[in-house]
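# Structure for the following, please:
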Amino acid sequence: MLASSFKLLFGYGVTHCLSRSELDITNKKNVYSVIERLRPGIIIHAAAYTNVEACELEKESAFAINTNGTKLLVDALKKYSPDSLFIYLSSTGVYGLGKERAYQESDTPEPTTVHHRSKYEAEKEVIGNLKNFLIIRTGWLFGGSMAHSKNFAFKRYLEAKDKSSVYGDPTQFGNPTYVNDLAEQIKLLIEKNELGIFNCVGEGGCSRLDYVKAIIEEFELDCMVTAAPDGFFSRIAPVSFNESAENYNLIQKKINIMRPWRVALKDYIDKLKDEINGKES
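Modelled structure (predicted):
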């Protein structure tokens with residue numbers, strides 16, 4: 001989802017959007033060859049093992065992709081293009097269980113899952129080895145085509161369109177974040193020559209229950225969203241109940257352009273409805 005937004009935002013002429021067949025970040029020879037050939041001025045590293053549940057069962061793969069894959073990119077960049085800007089997409093899930101309020105960048109990460117530990121270890125590789133980097137902590141991404149496998153909004157539409165009621169989780173909190181807004185924010189950080197760690201999430205947090213309610217309301221579906229009973233959304237991964245964050249560093253630098261999540265969600269679902277209507281017609 002996010003890579004598609006970057007490709008549209010930056011244009012095809014200057015952007016190499018590499019698939020796994022072109023760049024396997026777990027293959028050292030492949031990584032070094034691609035970085036030596038392209039010598040990129042900027043790398044936006046969005047590749048990851050993103051299935052949080054599967055990471056608990058496949059720990060070695062999670063660290064091979066998320067941590068060691070990042071390390072290979074960092075090492076290749078140090079060798080062939082040391083002055084380049086490296087942008088690493090991380091997660092607000094790295095903060096863990098420490099607080100009930102929205103996390104700021106100064107809060108110490110204490111990740112609780114294999115996925116988030118592997119992402120945080122990758123952050124350390126970036127911080128410890130590069131001078132020009134942006135670490136972007138984000139979460140609860142939505143956007144992209146309805147064909148995208150991780151399109152949360154469209155999946156909730158499919159779930160609710162022929163039902164009278166669905167469940168939402170009242171115990172999980174985070175920030176729904178529109179990938180187009182995130183891409184625009186990262187573009188601004190690049191233009192402003194900013195470096196360091198930034199939370200980049202949709203403004204204002206909510207529960208997963210309220211998020212699902214908002215999606216159903218924007219689709220104007222006649223479906224009630226109610227709080228799920230205890231244990232209904234049981235998970236293998238011990239995910240923190242609170243993944244919400246505040247764009248503190250962006251706000252302090254007066255460069256926060258992340259919209260309120262509900263405003264961005266309406267914008268996106270209006271586009272998604274056009275896509276759905278076009279397919280149905």
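# all contacts plus neighbour counts: C-alpha atoms, from now on.
Fine.
# Let me know the distance separating residue 149 from residue 198.
Look at residue 149 and residue 198: by Cα to Cα, to the nearest Å, they are 27 Å apart.
# between these two, which one's more packed in?
Neighbour count, other Cα atoms under 10 Å: between residue 149 and residue 198, residue 198 has more, with 23 against 11.
# Return the residues in contact with the more buried one.
With contact taken as Cα atoms under 8 Å, 6 or more residues apart in numbering, residue 198 is in contact with 105, 134-137, 247-250.
# possible to save these as JSON lines with distance to residue 27, secondary structure and neighbour count?
Formatted as JSON lines, those follow (distance: Cα to Cα, whole Å; DSSP: H, G, I helix; E, B strand; the rest coil; neighbours: other Cα atoms under 10 Å):
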{"residue": "105", "distance to residue 27": "32", "secondary structure": "coil", "neighbour count": "18"}
{"residue": "134", "distance to residue 27": "24", "secondary structure": "strand", "neighbour count": "25"}
{"residue": "135", "distance to residue 27": "23", "secondary structure": "strand", "neighbour count": "21"}
{"residue": "136", "distance to residue 27": "24", "secondary structure": "strand", "neighbour count": "21"}
{"residue": "137", "distance to residue 27": "26", "secondary structure": "strand", "neighbour count": "21"}
{"residue": "247", "distance to residue 27": "35", "secondary structure": "coil", "neighbour count": "24"}
{"residue": "248", "distance to residue 27": "36", "secondary structure": "helix", "neighbour count": "18"}
{"residue": "249", "distance to residue 27": "35", "secondary structure": "helix", "neighbour count": "18"}
{"residue": "250", "distance to residue 27": "35", "secondary structure": "helix", "neighbour count": "19"}
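# export the residues you listed to a markdown table and tack on distance to residue 145?
Below are these laid out as a markdown table (distance: Cα to Cα, whole Å):
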| residue | distance to residue 145 |
| --- | --- |
| 105 | 31 |
| 134 | 27 |
| 135 | 26 |
| 136 | 23 |
| 137 | 23 |
| 247 | 27 |
| 248 | 30 |
| 249 | 31 |
| 250 | 28 |
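# can you tell me which helix in the chain is longest?
In the chain, assigned by DSSP state H, the helix with the most residues is helix 261-280.
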